[in-house]
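J.: Pasting the sequence and the predicted model now:
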Amino acid sequence: MRNWARRTWFGRICRLLIGLLLFQHIQPTLVALRLRLTFGAHAANAQGIAALAPLIAVGKRVDPLTFAQVQDGQVTITYTVFNLQTTPAQNILLDTQLASGMTFVAGSPQPDQGGQLLQWSLGDLAALGSVTVQVTIQLPANFQPPLNTLVALDGGAHVFASIDGVAGRAQAGVASLRTDTVPADSLVSTPDADLSDPFIQAQAAQLGNDQTRIVNFMINEIGYESYTGSLRGARGTLWSKSGNSLDRATLLIALLRVSGIPCRYARGTLDDPTAKQLIGSMFPPQYQVVGFVPPGTAIADPANDPKLLGETRDHFWVQVTGFGFSFGDVDTAIKGHPSLTTATQTFNEIPDELRHKVTVQVNAEITTPLTGPGADLQRRSARR
């Protein structure tokens, strides 16, 4: 019994000594690894915040848009700074450099000017708020730019701000004057694509009012869902991050037009293989059922569902004007395929028959002044 106890205690002491030696040997490695993991996590978190939650954005608008519309050689550029966060932004600083040959005429508010450099200190900005700056510039005397080109008016705008102690920066692309003729209807605001919507303006500004970035945003961030007609509009499609082909086209129309890029709707019919591919995009592999399916179990087959096929075949997309009234297809439904079918119809505003409608009936009870137990009660009904 004593020998067993001695062996047991001796073994424990040996194991303890060996453990202490091993810990002393590997402790620096463990500490270094923990530090690397900690700092790596902080760095990844900071990168994630920068990538997923931009702080501010700045958009631009040129008025008039084309050289042919310019009066007295003057053009107005409007810069709008957007706070994209739900907390206030502090110390908003905006600057732009006018292009060579352009002359500053007036600003609202008045900027600090140093040669062609214009700077504004705009103070603080409320959560999800915006602030606008306007600059009027004079084109060079006897200015006659070549047709079908873009005339740079500035070198882009830059905005700086601080939100919760974190510095934010954003940039707008170059403000340009077109030297072609633009169809006026291809830039109109509509009930479905409302260009005065601050959320549409902010999203376009976040994408630099740039056609390529806007198109890539639609391809990569806005999914497809099958239903008929215009239901969600531009803001609803943006907020839900998905829509049918008509609502997706409406969001793209709104983002392009608010960026001064003329465009219109196009409508056509998809062939069945393309329609099935688009339906399949609603059911990515990670959402599909995996596992054992008992024999005889009814299995859904969305790609061959008659209702989904009928909704998807009726397809809408966007056509963007190049120089000289030429329109080119920009279809963002399937990545890498800017044109899926031939247009049989084009329009600048969604026809009323394609819009979803809601009927609301209100019953109002109106009483006459009470003069006795037999006071009259009138009931009226209004339907909208």
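T.: That came through fine. What you see is a predicted model; the values in this text were computed from it and never measured.

J.: Contact partners for the residue lying closest to G173 once chain neighbours are set aside?
T.: Sequence neighbours aside, G208 is the residue nearest to G173 in space, at 5.0 Å (criterion: C-beta to C-beta, 6 or more residues apart in numbering). (Each C-beta comes from the backbone N, C-alpha and C, glycine too.) If you count contacts by C-beta atoms under 8 Å, 6 or more residues apart in numbering, G208 has them with Q171, A172, G173.

J.: what's the spacing between G208 and K276?
T.: Computed with C-beta to C-beta, to the nearest Å, the distance linking G208 and K276 is 35 Å.

J.: Equivalent analysis for T332, please.
T.: 18 Å.

J.: So the two - more neighbours on which side?
T.: T332 (23 against 17; other C-beta atoms under 10 Å).

J.: Flag the shaky bits of the stretch 101-250 of the chain, pLDDT-wise.
T.: Residues of the stretch 101-250 of the chain meeting the criterion pLDDT under 70: none.

J.: quick one, strands of it?
T.: Remark: strands assigned in the stretch 101-250 of the chain by DSSP state E, counting those that start in this stretch are 103-108, 112-114, 117-125, 130-138, 150-152, 154-163, 166-172, 176-178, 223-224, 242-243.

J.: Now tabulate those strands in a markdown table and tack on distance to D192.
T.: Rendered in a markdown table, the data for the strands of the stretch 101-250 of the chain read as follows (distance: least, C-beta to C-beta, whole Å):
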| stretch | distance to D192 |
| --- | --- |
| strand 103-108 | 32 |
| strand 112-114 | 41 |
| strand 117-125 | 29 |
| strand 130-138 | 22 |
| strand 150-152 | 28 |
| strand 154-163 | 29 |
| strand 166-172 | 26 |
| strand 176-178 | 25 |
| strand 223-224 | 18 |
| strand 242-243 | 11 |
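
J.: how about these in a markdown table, adding distance to V188 and mean neighbour count?
T.: Written out in a markdown table, the entries for those read as follows (distance: least, C-beta to C-beta, whole Å; neighbours: other C-beta atoms under 10 Å):
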| stretch | distance to V188 | mean neighbour count |
| --- | --- | --- |
| strand 103-108 | 26 | 14 |
| strand 112-114 | 35 | 11 |
| strand 117-125 | 30 | 17 |
| strand 130-138 | 21 | 18 |
| strand 150-152 | 22 | 16 |
| strand 154-163 | 26 | 21 |
| strand 166-172 | 23 | 16 |
| strand 176-178 | 17 | 21 |
| strand 223-224 | 26 | 16 |
| strand 242-243 | 21 | 20 |
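
J.: Show me the beta-bridge partners of Q171.
T.: For Q171, the beta-bridge assignment (DSSP bridges) gives partners H158.

J.: Quick check: it vs P111, distance?
T.: With distances taken as C-beta to C-beta, Q171 is found 17 Å from P111.

J.: beta partners of G59?
T.: Legend: beta-bridge partners of G59 under DSSP bridges are T80.

J.: Number of residues surrounding it?
T.: Here the neighbour count serves as a burial measure; for G59 (other C-beta under 10 Å) it reads 26.

J.: cool, T342 as well?
T.: Using other C-beta under 10 Å, T342 has 9 neighbouring residues.

J.: How is it assigned, secondary-structure-wise?
T.: Classification of T342 by DSSP: H, G, I helix; E, B strand; the rest coil places it in coil.

J.: In space, what's closest to it - neighbours in sequence excluded?
T.: G268 (5.5 Å).

J.: One more: E221?
T.: Here the nearest residue to E221 in space, its sequence neighbours aside, is K241; by C-beta to C-beta, 6+ apart that works out to 6.4 Å.
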